[in-house]
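>>> Sequence and predicted structure are below.
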Amino acid sequence: MAMMSPLSPHRPHARDWLEREGKALNALVALAPPKVSSEGPLSGLTFAAKDMFSWPGYEYSRGVKMTVPFDGKPAIFLNQLIAEGAELLGFAEMTPLAYEPSGANPFRGRPINPLNADYISGGSSSGSAVLVAAGLVDFAVGSDTAGSLRIPAQCCGVTAWKASFGLLCRGGSWPLAPSLDTLGLLAPSVEILLRVGNAIIPQDGEQPFRLAIADDLVWQNDDRALVMAAAQDFKISAINLQSTIEHCDDVVLTLLQQEAYESNRALIGTGELDPVLERRLSHGAAINPADYEAASAGLAVLRAELAEKLFDKVDTIALPVMPCATPRVAMCEPGQPEFAARNLYDLSRYTRFANALGLPAIALSLPCEHGAMPTGIQLIARHGTDLSMLRAAQQIETRLKGSAA
């Protein structure tokens, strides 16, 4: 498939091109109704949005069969991007209700990973990542409740920014677990993420960046060496993260299951959901109110105390995106001999704790040998320091790309 540079200043027939190639990759649901963009700092950039946003003239699907009619309230974040000059071209495929990490959609099939069709695209912002990786849009909007931007970023070899909790307005987007839901972007490089961030969020000032490497998590030796070399301008130390991840997990999983059930309980029993997803959602009904209240209280403590302690002596932390290489489709497809439920669980093992703590995170693709699937690193930082984190990530990414040249 011929791909155009994501920053090409002139794209004839961009909508036709997106429709043709996006459909071929099973990554595009539909083109967006044409809307004139304003002139602004994002002029010339095109984007797609995950199929979970309210928009005039469009009925979004949330990755299931039943669509949601426009309610007269356009998604605030999409409007914000358009007001700054970006052009919305289309709506991207996603996993049903944003509740599956590998990219599977039993109703419309998996989006095809443009790097290698034998491997998953990642989810739940699957189509968004594929459209960016294929060079069909400059960036894409997605959501991240437990890793749904960062997982597909690694799988498709692109970059993702999960914003600090509450930083980007979720008005007009379908919820999964509101205590954890965050919006963000996928792009081919930090350059575009930083350009968008500078246009839409308040400046946070230049922050010092003392970098810690999570030495107790799984690193390939070559990957760790690349990160160390790319971060040579930062003061580097070591940190252990496994206990933090484990401490957050019970809270995250309780909130995720109960709130996913509450957000989508009206769909249970309607025939709109596949049996596997319906069973997963029903788990939330079994969580008693006292356990949910305890998890909510625990989340507040985590964000007030653990997050502060984590960044007592450092400003950003580097860790792998996933504890495993990008899996083949057969490893994540129930019924296949290679399938194991653990394969799906592992995809978000290193990502969901950042949602519990409300932290900004960015996923960067690491250079790899020709034909190999990319691996990735995450950077996480203090809440509200998104732009400083993006600036640091851009420095690291520039060095990583230099090492691959």
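Arrived safely.

>>> Tell me where the model's unsure across this structure.
Across the chain, the ranges flagged by pLDDT under 70 are 1-12, 404-405.

>>> Leaving out sequence neighbours, find the closest residue to Ser121.
Taking Cβ to Cβ, 6 or more residues apart in numbering as the measure, Ser121 lies nearest to Gly103, with 4.0 Å between them; neighbours along the chain are not counted. Every residue, glycine included, has its C-beta placed from N, CA and C.

>>> Now stretch 262-282: buried residues?
Using 16 or more other Cβ atoms under 10 Å as the test for burial, stretch 262-282 gives 262-264, 267, 272-274, 277-278, 280-281.

>>> Show only the entries of the residues you listed found in helices.
Secondary structure assignment by DSSP state H places 262-264, 277-278, 280-281 of those in helices.

>>> for those residues, which one is nearest Glu21?
For those, the residue nearest Glu21 by Cβ to Cβ is Leu277; the value is 28.5 Å.

>>> residues in contact with stretch 282-302?
If you take Cβ atoms under 8 Å, 6 or more residues apart in numbering as the criterion, stretch 282-302 is touched by 179, 247-248, 250-251, 254-255, 257-262, 265, 268, 356-357.

>>> Show me where this structure has its strands.
28-31, 46-50, 87-92, 139-144, 159-162, 182-187, 210-214, 235-239, 316-320, 361-366, 375-381 (DSSP state E).

>>> Output the contacting helices and strands for the third one.
Applying 3 or more Cβ pairs under 8 Å, 6 or more residues apart in numbering; DSSP states H and E, we find strand 87-92 packed against helix 14-24, strand 28-31, strand 46-50, helix 76-83, helix 126-133.

>>> Equivalent analysis for the second one, please.
Under the contact criterion of 3+ Cβ pairs under 8 Å, 6+ apart, the helices and strands touching strand 46-50 comprise helix 14-24, strand 87-92, helix 126-133, strand 139-144.

>>> Off-centre distance for the last one?
The chain centroid and the centroid of strand 139-144 are separated by 6 Å, computed with Cα atoms, centre = their mean, to the nearest Å.

>>> Send over stretch 34-54 as CSV, restricted to the C-alpha atoms.
Only the C-alpha atoms of stretch 34-54 are listed here, as CSV (Å, rounded to 0.1, in the frame of the first residue of the first chain):
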residue,chain,number,x,y,z
PRO,A,34,-17.3,17.8,6.0
LYS,A,35,-16.8,20.8,8.3
VAL,A,36,-14.8,23.9,7.7
SER,A,37,-11.9,24.3,10.1
SER,A,38,-10.7,27.5,11.5
GLU,A,39,-7.3,29.0,10.8
GLY,A,40,-5.0,28.3,13.7
PRO,A,41,-1.8,26.6,15.0
LEU,A,42,-3.1,23.2,13.8
SER,A,43,-4.0,24.3,10.3
GLY,A,44,-2.9,21.8,7.7
LEU,A,45,-3.1,18.8,10.1
THR,A,46,-5.7,16.1,9.5
PHE,A,47,-7.1,13.7,12.1
ALA,A,48,-9.4,10.8,12.8
ALA,A,49,-11.4,10.2,16.0
LYS,A,50,-12.2,6.9,17.7
ASP,A,51,-15.8,5.9,17.0
MET,A,52,-17.1,7.0,20.4
PHE,A,53,-17.7,10.7,20.0
SER,A,54,-20.9,12.7,19.5
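
>>> Nearest residue to the middle of the chain?
Compute the mean C-alpha point of the chain, and by Cα atoms, centre = their mean the closest residue is Leu149, 0.8 Å away.

>>> And the spatially closest residue to it that is not a sequence neighbour, how far from Ala294?
Taking Cβ to Cβ, 6+ apart as the measure, Leu149 lies nearest to Ala160, with 4.1 Å between them; neighbours along the chain are not counted. Computed with Cβ to Cβ, to the nearest Å, the distance linking Ala160 and Ala294 is 31 Å.

>>> With neighbour numbers in mind, choose between these two.
Taking other Cβ atoms under 10 Å, Ala160 and Ala294 do not tie; Ala160 has more neighbours (34 against 14).

>>> now that one, which residues is it bridged with?
With DSSP bridges as the criterion, the beta-bridge partners of Ala160 are Leu186, Ala363.

>>> Who are the contact partners of it?
With contacts taken as Cβ under 8 Å, 6+ apart, Ala160 has the following neighbours: 129, 142, 144, 149-150, 152-153, 184-187, 362-363.

>>> that older thread, mind listing what the residue nearest to Ser121 touches?
Here Gly103 is in contact with 95, 110-111, 113, 120-124, 126, 152, 155 (criterion: Cβ under 8 Å, 6+ apart).

>>> let's see it at 10 Å
Neighbouring residues of Gly103 by Cβ atoms under 10 Å, 6 or more residues apart in numbering: 26-27, 93-95, 109-113, 119-127, 129-130, 151-152, 155-156, 329, 332, 347.

>>> May I see the PyMOL selection of the buried members of those residues?
If you want just the buried ones from the contacts of Gly103 in PyMOL, going by 16+ other Cβ under 10 Å, the selection is:
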select buried, resi 26+27+93+94+95+110+111+112+113+119+120+121+122+123+124+125+126+127+129+130+151+152+155+156+329+332+347
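
>>> what about the residue nearest to Gln80 when sequence neighbours are not counted, neighbour count?
Excluding the flanking residues, the one nearest Gln80 by Cβ to Cβ, 6+ apart is Ile200, at 5.6 Å. Ile200: 20 surrounding residues under other Cβ under 10 Å.

>>> Look up how far Lys73 lies from Ile200.
With distances taken as Cβ to Cβ, Ile200 is found 19 Å from Lys73.

>>> Now do the buried residues in stretch 66-76.
Neighbour counts using 16+ other Cβ under 10 Å place 68, 70, 74-76 of stretch 66-76 among the buried residues.

>>> could I have it exported to PDB, CA atoms only?
Listed in PDB are the C-alpha atoms of stretch 66-76, where the atom choice follows Å, rounded to 0.1, in the frame of the first residue of the first chain:
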ATOM      1  CA  MET A  66     -26.200  -0.300  17.800                       C
ATOM      2  CA  THR A  67     -25.400   3.300  16.900                       C
ATOM      3  CA  VAL A  68     -25.900   6.400  19.100                       C
ATOM      4  CA  PRO A  69     -27.700   9.300  17.300                       C
ATOM      5  CA  PHE A  70     -26.300  12.800  17.600                       C
ATOM      6  CA  ASP A  71     -27.800  14.400  20.700                       C
ATOM      7  CA  GLY A  72     -27.100  18.000  19.800                       C
ATOM      8  CA  LYS A  73     -24.000  18.200  21.800                       C
ATOM      9  CA  PRO A  74     -20.800  17.900  19.800                       C
ATOM     10  CA  ALA A  75     -17.700  16.400  21.500                       C
ATOM     11  CA  ILE A  76     -15.900  19.200  23.200                       C
END
